[in-house]
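Asker: A structural model of the following input is requested.
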Amino acid sequence: MATAALRFASPFPSTTAAGRRRQRRTAATVRCGLTDLIGGDFIRPDLGRFLEDVEKHKALAIYPPHEGGYEGRYLTRLRYQGYRFLDLSARGLGDPETTLTKIHPVCPVRINF
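Answerer: Down below sits the predicted model:
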């Protein structure tokens, strides 16, 4: 795994206890890996843990991003083991949580001729 090193220098000059400005800037080095910046599932999906969660809870909901991702691999593995799925999609609904559980304005259906 690659480790990135970032050098950070504050654009603001630091001050002393007496309130005088020093011209010297402080710098710090930050070391982080790629998994620190994005989730580990995007790099290496943990299918074993996913299967354990399904077995433990008997049902599992997935909220995949719009552009797709690794959820297809999870579903393929479970489908191979005999699980069934209920695929709910709400395209054009907006925010499903707000629409289904909170008060929101109702807009009329658009009829385009």
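Asker: give me the low-pLDDT residue ranges for the protein?
Answerer: For the chain, applying pLDDT under 70 flags the ranges 1-26, 28, 30, 32-47, 60-71, 87-99, 104-110, 113.
Asker: Now with 80, please.
Answerer: The chain contains residues with pLDDT under 80 at 1-51, 53-54, 57-78, 85-113.
Asker: Am I right that residue 77 is in contact with residue 51?
Answerer: Yes - assessed by Cβ atoms under 8 Å, residue 77 is found in contact with residue 51 at 6.9 Å. C-beta coordinates here come from the backbone N, C-alpha and C atoms, glycine included.
Asker: and the nearest residue to residue 81 once chain neighbours are set aside, how many neighbours does it have?
Answerer: Once flanking residues are discounted, residue 81 sits nearest to residue 51: 7.8 Å by Cβ to Cβ, 6 or more residues apart in numbering. For residue 51, the number of neighbouring residues by other Cβ atoms under 10 Å comes to 16.
Asker: just residue 50 next, same as before
Answerer: 20.
Asker: Over to residue 77?
Answerer: For residue 77, using other Cβ under 10 Å, the count is 16.
Asker: Could you pull up phi and psi at it?
Answerer: The phi/psi pair for residue 77 (degrees, to the nearest 10) reads phi -60, psi -40.
Asker: and if you look at the one 5 residues further on?
Answerer: The phi and psi torsions at residue 82 (degrees, to the nearest 10) take the values phi 100, psi 10.
Asker: what about residue 59, distance to residue 31?
Answerer: Distance of residue 59 to residue 31, given as Cβ to Cβ, to the nearest Å: 40 Å.
Asker: mind checking how far the residue nearest to residue 81 is from residue 29?
Answerer: 40 Å.
Asker: again with residue 76
Answerer: Taken as Cβ to Cβ, the span from residue 76 to residue 29 is 43 Å.
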